[in-house]
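In: Got a sequence here, can you model it:
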Amino acid sequence: MGTHMRIVVAGSIFAAASLLLIIVFNISDVEDTRAYSTGDFRTVSSGEWNETSIWETYDGKKWNEAPMPPGEGMYKVIVSSGNEITLSDEMVLEEIIIDEKARLNIEANSIRLSKMNGKSSILCNGTLSLGTSIIEGEGDIIIGAKATLLTGNENGINRSGKTGSIQLKGKKEFSKDAIFIYNGTIPQKTGNGLPNILRNLIIDNASNVQMDQSIFIVDKLTLKKGNLITGRYTLTIGTSTMATGEIERISGAICGKVKRWYGAINKNNLLFPLTDGTTINIFSYSSVTPEADKGMVEMNFNFGKIEKNSSNPIEEKNVVVGIGEKGYYTASLSNGPEECSLKITSALTGSNNENKISWKIDKNNNNQVNNSVPNTSEKIDKIDNIQNIIFGPNPFTETFFVRFSSETSGLADIQLMNINGQIVYKQPMQIAEGINQFEYVPKQLLPPGTYILQVNNASEIHTIKIVKGN
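Out: I've put the predicted structure just below:
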């Protein structure tokens, strides 16, 4: 009896599995299960909206070649997967569906959604490129998880719908998993209508984009072109030490306050491309001790001149890490161990007004000597009593600042040499234990070019390559 039951059960499972396979295969053969109404349109190829040949219509039973392209009316318009359509004329429509892997480019000044049949909406699972156009009217818009939304409107995407690309009176749903791209040609604002947590954000505007809300980036911020200005808001990359996110930089930088999580994934190469609007500084951090293998680095740009002094002990929790033409950058550690701090390892003068400055996250040890930095004119020499030397702005036009920490008080010389090694400026300086800052005020006209800055005391010589601009 027991054997018979096992055979019956096994047979039943086999029959159920076979039925499931039949159902799955039958489903896979179904082309489209959506409901259509007479007069609906869908694309069969790519092209301009007003090209009749790219459309077909539904007659209530089947799809046929369209006698004309869709105009204003009570029907559904579907941009099918694999097709790219460009709409250049203003139009009143009821329902638009953009399938996954399909694209609709709107180049008209505006299009209007109207509830001619009691409902009106745009459902996008593909790519919707709005340019500077406006979508207005009574309808809803849903941007799905696999969608990409591009806007070139100066006001971006706003929650109220009174300004920006999407000025609809209906509901506005934007998936955090969608890709949002700002690709205008004039200065843009993000607007405050984005999800607070985004998976992907792309900045592709040489005229810059300013944030109107705080934003968390889960996966990637792509700086393709132009700067992202945070203003009074905060940009956070990553959500934890396990999910650290990424910044991909092709061109451009961030101006303002940005936080980055770090952990095992990125602890050896934590990049911050920051700008004051004139000079770009590429800051990189790396953890060199197990105690500091995870946490968060907060970077902030502060407009105006840097204060001359700072409270002691040495700025271990909020360090000045760079000086620009319009202000200065600070960095601090949070959500990490209390015994760790930041220490500079090198500063390189890059091309195109870009500087590369490296810091390490290490244990607090004011007597630590770092001999890992090569002794070249392009890098800060080995660090002894004088540490964390910051020069800026680089390039400079007239004045510049030299800021460093010292473990002892005493005398030092600040001197400037041209590329041939001739001293063109020299100034003695009384240094104190803690933070020291020197401001260079020109006593003579220096020609543009490359110079060598040295900070010397009785036992140390620290050298930095700098550039004098026009």
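In: partners of the spatially closest residue to residue 390 that is not a sequence neighbour in the sheet?
Out: Closest residue to residue 390 apart from its sequence neighbours, by CB to CB, 6 or more residues apart in numbering: residue 403 at 4.5 Å. Where C-beta positions appear, they are placed from N, C-alpha and C, glycine not excepted. With DSSP bridges as the criterion, residue 403 is bridged to residue 390, residue 437.
In: which ones are touching residue 403?
Out: 306, 320, 323, 389-391, 435-438 (CB atoms under 8 Å, 6 or more residues apart in numbering).
In: Go through those and name the one nearest residue 291.
Out: Residue 291 has its nearest neighbour among those in residue 320, at 23.5 Å by CB to CB.
In: Okay, that closest one and residue 347: tell me how far apart.
Out: 13 Å (CB to CB, to the nearest Å).
In: Same check on residue 432?
Out: Counting by CB to CB, the gap from residue 432 to residue 347 is 23 Å.
In: Settle it for me: which of the two has more neighbours?
Out: The residue with more neighbours, out of residue 432 and residue 347, is residue 347; 25 against 12, by other CB atoms under 10 Å.
In: Excluding sequence neighbours, find me the nearest residue to that one.
Out: Nearest residue to residue 347 in three dimensions, chain neighbours excluded: residue 357, at 4.9 Å (CB to CB, 6+ apart).
In: Determine the three-state secondary structure at that neighbour.
Out: strand (DSSP: H, G, I helix; E, B strand; the rest coil).
In: For this protein, which residue occupies the most central location?
Out: With distances taken as CA atoms, centre = their mean, residue 221 lies nearest the centre of the chain, 3.0 Å away.
In: and that residue, that's in a strand?
Out: Yes. Counting by three-state DSSP, residue 221 is found in a strand.
In: so what's it up against?
Out: 200-203, 228, 235, 237, 245-248.
In: follow-up on the earlier one: relative to residue 430, how far out is the residue nearest to residue 390?
Out: In terms of CB to CB, residue 403 sits 15 Å off from residue 430.
In: same thing with residue 203?
Out: Going from residue 203 to residue 430 by CB to CB gives 46 Å.
In: same check, this time on residue 211
Out: 44 Å.
In: These two: which has the busier surroundings?
Out: Remark: of residue 211 and residue 430, residue 211 carries more neighbours, 24 against 9, as counted by other CB under 10 Å.
In: one step back: so what sits opposite the residue nearest to the centre of the chain in the bridge?
Out: Legend: beta-bridge partners of residue 221 under DSSP bridges are residue 201, residue 247.
In: Now residue 187: closest residue in space that isn't a chain neighbour?
Out: That would be residue 207: by CB to CB, 6+ apart, it lies 4.8 Å from residue 187.
In: mind checking which helix or strand that neighbour is in?
Out: In the assignment (DSSP states H and E), residue 207 maps to no helix and no strand.
In: separation between the closest residue to residue 110 other than its chain neighbours and residue 344?
Out: Leaving aside its sequence neighbours, residue 110 sits nearest to residue 134 (CB to CB, 6+ apart; 4.3 Å). Remark: distance between residue 134 and residue 344 (CB to CB) = 49 Å.
In: Then residue 64?
Out: In terms of CB to CB, residue 64 sits 71 Å off from residue 344.
In: Comparing those two, which shows the higher neighbour count?
Out: Neighbours were tallied for residue 64 and for residue 344 using other CB under 10 Å; the higher tally belongs to residue 344 (22 against 10).
In: by contact count, what packs against the helix or strand hosting residue 388?
Out: Here residue 388, judged by DSSP H and E, is contained in strand 386-392. Packing partners of strand 386-392 (3 or more CB pairs under 8 Å, 6 or more residues apart in numbering; DSSP states H and E): strand 319-323, strand 340-349, strand 400-406, strand 449-456, strand 461-468.
In: which outside residues touch that strand?
Out: 279, 314-315, 319-324, 328, 343-344, 347, 380, 400-407, 412, 431, 453, 455, 457, 460, 462, 464, 466.
In: how distant is it from the center of its chain?
Out: Centroid separation for strand 386-392 versus its chain: 28 Å, with CA atoms, centre = their mean, to the nearest Å.
In: Please renumber the chain so that the first residue is 666 from this point on.
Out: All right, first residue 666 from here; so that's strand 1051-1057.
In: any idea of the angle that strand forms with strand 1114-1121?
Out: 150 degrees (axes from the mean of the first three to the mean of the last three CA atoms, to 10 degrees).
In: Strand 1051-1057 vs strand 1005-1014, what angle?
Out: Orientation note: strand 1051-1057 sits at an angle of 50 degrees relative to strand 1005-1014 (the same axes, to 10 degrees).
In: Export strand 1051-1057 to CSV, keeping only CA atoms.
Out: Extracted as CSV, the C-alpha positions of strand 1051-1057 are listed here (Å, rounded to 0.1, in the frame of the first residue of the first chain):
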residue,chain,number,x,y,z
ILE,A,1051,55.2,69.3,9.2
GLN,A,1052,52.1,67.4,7.9
ASN,A,1053,49.0,67.8,5.8
ILE,A,1054,50.3,70.6,3.6
ILE,A,1055,47.6,72.2,1.5
PHE,A,1056,48.2,74.7,-1.2
GLY,A,1057,45.6,76.6,-3.1
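In: tell me the angle of it relative to strand 1065-1071?
Out: Using the same axes, to 10 degrees: strand 1051-1057 against strand 1065-1071 is 170 degrees.
In: in strand 1051-1057, what's buried?
Out: Across strand 1051-1057, burial judged by 16 or more other CB atoms under 10 Å covers 1051-1057.
In: In a markdown table: the residues you listed, plus pLDDT and distance to residue 855.
Out: Listed next are the buried residues of strand 1051-1057 as a markdown table, based on pLDDT from 0 to 100; distance: CB to CB, whole Å:
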| residue | pLDDT | distance to residue 855 |
| --- | --- | --- |
| 1051 | 87 | 43 |
| 1052 | 84 | 39 |
| 1053 | 86 | 35 |
| 1054 | 89 | 37 |
| 1055 | 89 | 31 |
| 1056 | 89 | 34 |
| 1057 | 89 | 29 |
